[in-house]
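> Sequence isn't available, so here's the structure alone:
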Ligand code: SF4
């Protein structure tokens, strides 16, 4: 089973209006946070025995606000505690406007080899409408600096369905992104209703103060983006992810293939199978405290700084594998996933039975023991999974 490490850096300069991620705008305790992460790593040592990392991911928040020398201390402690594959992918998330050549060079020489830049849009008016603190020129500059600093693997994030954005604008964003020659692109649709109207943007939409493109415009934008990216030679390997040959994100694939990951840091989540700390069979997912004071107090006392810990039985793990595995364009071998988790054949058979009419209608297809959603089906992934799992 592949294994990776995720470090959460929960600090941002300002809060974007659509953001539902866990991040704070309080002053950054650069050194103290590095020390706390190293203490958490120490507390999690029993779970690391015998594991080798295929990936490391520093996400946020805005990790490029972290002083590189503080980040490097954590990377060195990790290297002493967990062996990594020689070609392990080591990513840092970055926001345009928070990078300079010196810091990017320092991150690179600390061992990071992939950078994921949150571009979101190349139109300044759209960026302002969603509260991003950067401009189009900042994105171009960040990508150029990342290359100059030595990052040979660059990913860009885009969002479509944004306020004031037409399908043509979304296409022009993707064209600008492609002109920066990224190895990887993530393209997400903004869906405020999924956030239960918790964000300022979602509340403005609900109150009628901001208008989003309608469903048809957003659908057409999504289809046009897909055509453009595929024609450009990028492979769509997951609903929202596109890569050049050999450049799929190893870290993100952990999430879609049932891989294990150790989450470190304020608000970070982790998932392990057969965690030695919790000897019950199956898997365990946890989420660390989001409140910095609780997190710092726990790690200072040598305790695991967990707020939520959830044991997962084989049936739950299997359903998650189906849900996440079918996000991948290549689909999921139901038999392999079932065997790995000890799932009875009758459960797999019942999924194939429910899949049959959906295959007839062109939402999915069967290739041997593999089930995969078609291009049309990937647009309705959530609904189709509910039908497959009989919910
Ligand atoms: S930069 Fe990212 S994490 Fe920070 S507020 Fe904006 S969307 Fe959220």
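It's in. It should be emphasised that the depicted structure is a prediction, and the values quoted were computed from it without experimental measurement.

> which residues in the stretch 251-391 of the chain form strands?
Secondary structure of the stretch 251-391 of the chain by DSSP state E, counting those that start in this stretch: the strands cover 260-264, 269-273, 283-288, 306-312, 332-333, 364-367, 370-373.

> could those go into a markdown table alongside mean pLDDT, mean neighbour count and distance to residue 50?
All C-beta atoms are positioned from the backbone trio N, CA, C, and that covers glycine. Converted to a markdown table, the strands of the stretch 251-391 of the chain look like this (pLDDT from 0 to 100; neighbours: other C-beta atoms under 10 Å; distance: least, C-beta to C-beta, whole Å):
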| stretch | mean pLDDT | mean neighbour count | distance to residue 50 |
| --- | --- | --- | --- |
| strand 260-264 | 97 | 23 | 12 |
| strand 269-273 | 94 | 20 | 12 |
| strand 283-288 | 95 | 21 | 17 |
| strand 306-312 | 95 | 14 | 21 |
| strand 332-333 | 96 | 20 | 26 |
| strand 364-367 | 97 | 15 | 34 |
| strand 370-373 | 98 | 20 | 30 |
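
> Rebuild those as a markdown table, extending it with distance to residue 35.
As requested, these are exported to a markdown table (distance: least, C-beta to C-beta, whole Å):
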| stretch | distance to residue 35 |
| --- | --- |
| strand 260-264 | 13 |
| strand 269-273 | 20 |
| strand 283-288 | 16 |
| strand 306-312 | 19 |
| strand 332-333 | 41 |
| strand 364-367 | 49 |
| strand 370-373 | 45 |
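
> What are the structural domain limits within the chain?
3-254, 315-388 (automatic domain parsing).

> Quick one: end-to-end length of the first one, please.
From the first residue to the last, domain 3-254 extends over 7 Å; the measure is C-alpha to C-alpha, to the nearest Å.

> per-residue confidence for the most centrally placed residue in the chain?
Centroid-nearest residue in the chain: residue 252, 5.8 Å away (criterion: C-alpha atoms, centre = their mean). In this prediction, residue 252 carries a pLDDT score of 97.

> Pretty sure it sits against residue 241.
Yes. Shown here, residue 252 and residue 241 form a contact pair, counting by C-beta atoms under 8 Å, at 6.5 Å.

> Residue 61 reaches residue 8, doesn't it?
Yes. Counting by C-beta under 8 Å, residue 61 does reach residue 8; the two are 6.7 Å apart.

> Now for the two: what residues contact both?
The contact sets of residue 61 and residue 8 overlap at residue 22 (C-beta atoms under 8 Å, 6 or more residues apart in numbering).

> interface residues of the stretch 51-200 of the chain facing the ligand?
Within reach of the ligand by C-beta under 6 Å from any ligand atom, the stretch 51-200 of the chain has these residues: 60, 61, 62, 95, 118.

> Quick check: the farthest pair among these?
61 and 118 (10.6 Å; C-beta to C-beta).

> what's the most buried one of the domains of the chain?
domain 3-254 (a mean of 19; mean count of other C-beta atoms under 10 Å).

> Centre of the chain to that domain, how far?
8 Å (C-alpha atoms, centre = their mean, to the nearest Å).

> Next: stretch 369-377.
The mean C-alpha position of stretch 369-377 is separated from the chain mean by 22 Å, C-alpha atoms, centre = their mean.
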